[in-house]
Structure formats: structure tokens, C-alpha cells
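1. sharing a sequence plus its predicted fold:
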Amino acid sequence: MKAKSLKPMRLEDILFSQGFGTRRVCAGLVQQGHVQVLGETVTDAGEFFDVQDLHFSVQGTPWPFKEHAYVLLHKPAGTECSQKPSTWPSIYTLLPAPLRQRPQKAAVQGVQAVGRLDQDTTGLLLLTDDGQFIHKMSSPKHHVPKVYEVTTKHPITPDMVHKLLSGVVLEDDPKPVKAAACEAVAECHLKLTLTEGKYHQVKRMLAAVGNRVEGLHRSQIGGLVLGDLAPGQWRWLTPEDLALLKS
Ligand code: URA
């Protein structure tokens, strides 16, 4: 992906664009000597910097300038993918404040989850403030494959695998849904690839073939794998990660 060239920006605008608070707060942070750019403390909030590949730190926290934020979170069990959770802590509490506060034109602020995982589901979750990316990744038209590791209550039979691959009917939807790939990797462990994201889809598909999901983990989206990121941890997506997702 070719990066487009970005105009130099004033330091207070840089901080504001990255979610460090209102323009007034950002100007204050700079004037009080809390901001370092390229290792030097800068106290003029109006000083211009090239933002391409710019790294700065605010109150000792290093931060890279990103025109859009794209992050990968290892969602732990017992968290909700909602800004206003009903029962469990929100996944957004696992992210640093600037990611939650990035200014947006829309009513919502900060990065948003690309689709949702259930409270008890673990694994790979993408978050971004790029609305077009969210739309593209979530649209059924784009068929982005998502790989789930499913632990089942009952042993998986060849008939169940066959039905999951050829299509099962879910109660509120007459059109059968099928897995793009399905492989029993152990007696009660299934690797399932879906290209759609209907509500509780894995759980409902397993119920439709007479089994039950006991554990659900998403390990891959498109060509991007979760890797060894610990539950509750997040990281920035690299340009290579983005290329894997967009290809
Ligand atoms: N399917 C489900 O049933 N739950 C999830 O969290 C994701 C896919």
C-alpha cells in the first residue's frame, strides 16, 4: 500500500488528532513540557512537524503518529465488545485513552471494533477509526474469511462436518449458511472458517447439527493470525498486516 504524503502539522493539532484531549489540553501538555519530539522537549504548541513516521512521547508514553489507527486486540473471555456494556467490562477499557479518544467526524469517538465477539469468545479482534475499512471488512460482499477454534460438548462426527460444509438452516433465516472450511482436529475440537458474520453464527451452526459450543476462539481474519499476543494485550497493525487483510 502506497502511503499518501501528509502535510506538516502544528504540535497541538498532532496531539489532538491522536486523541490526547481537546486542543486546549494538548496545547497545555506541550507548554508544560510534557511532550517530546525526536527525543527533545518541545514547548511551542504551534511548532510544525512532518507527521510521516513521526514518533513523539507524552508524559513519558511513546506514541507513533497514525493518520488512521488500526489495532489488533486479543479479546479475553468475560469482556463485552460494547462501549456501554451491560454486565461485563468493555473491551475498550483494555485500550489506552488516546485510542478511545481519537476525534471522529461521526458522533462516536475513538477506534471501533470491526464486528463483535460474544462475551465468552476469545481471540482476534480488529479495531480502527477508519469507517471505510470497517465497512469493507464487515460487508458480506467481501467474504473475508474468519477462522474459529471451536471446543464442542459432544464428539464431532463426519456427518456434522458434512452438514456444516454443505449448509445448515438457522431458525430466523431460511437461507442455509455454510462453512467455507471445516476440519475436526480432535474429538471435540473443530477448526471452522466462515465468510459471514451473523449473530452467534458459530454457536447456532453447531446447535443446528446437534452439538454445543463449550469454547470459542478466533485465531485468524483473512491472512492475519493472532500469534502469541497474550489475552488482554493489543498491538498496532503493521503495513504488512494491513496488506494481508486487504489482499
Ligand atoms: N460466532 C459466535 O457464535 N460467537 C462469536 O463470538 C463469534 C462467532
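-> Okay, I see it. Residues are numbered from 1 along each chain as shown.
2. residue 114 contacts residue 134, correct?
-> Yes - with contact defined as Cβ atoms under 8 Å, residue 114 reaches residue 134; the gap is 5.2 Å. In short, each C-beta sits where N, CA and C put it, glycine included.
3. those two - which one has more neighbours?
-> Between residue 114 and residue 134, residue 114 has the larger neighbour count (other Cβ atoms under 10 Å), namely 22 against 18.
4. quick one on the thing from earlier: common neighbours of residue 114 and residue 134, please.
-> Between them, residue 114 and residue 134 share these contacting residues under Cβ atoms under 8 Å, 6 or more residues apart in numbering: residue 128.
5. which parts of the chain sit against the ligand?
-> 117, 118, 121, 200, 201, 202, 203, 216 (Cβ under 6 Å from any ligand atom).
6. give me the neighbour count for the fifth one.
-> Spelled out, that is residue 201. Other residues close to residue 201 by other Cβ under 10 Å number 17.
7. not counting the strand ranked longest in the chain itself, show me its contacts.
-> The residue-count maximum for a strand in the chain (DSSP state E) belongs to strand 213-221. Contacting residues not belonging to strand 213-221 are listed as 117-118, 120-126, 137, 144-153, 188, 202-203, 206-207, 225-226, 245 [Cβ under 8 Å, 6+ apart].
8. please apply the same query to stretch 144-161.
-> 123, 137, 180-184, 187-195, 197, 202, 206, 209-222, 245.
9. export only the CA atoms of stretch 233-240, formatted as CSV.
-> Only the C-alpha atoms of stretch 233-240 are listed here, as CSV (Å, rounded to 0.1, in the frame of the first residue of the first chain):
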residue,chain,number,x,y,z
GLN,A,233,-3.0,-7.2,25.0
TRP,A,234,-3.1,-5.1,21.9
ARG,A,235,-0.7,-4.0,19.2
TRP,A,236,-0.7,-1.7,16.2
LEU,A,237,-1.2,-3.4,12.8
THR,A,238,1.8,-3.1,10.6
PRO,A,239,1.6,-2.1,6.9
GLU,A,240,2.3,-5.8,6.2
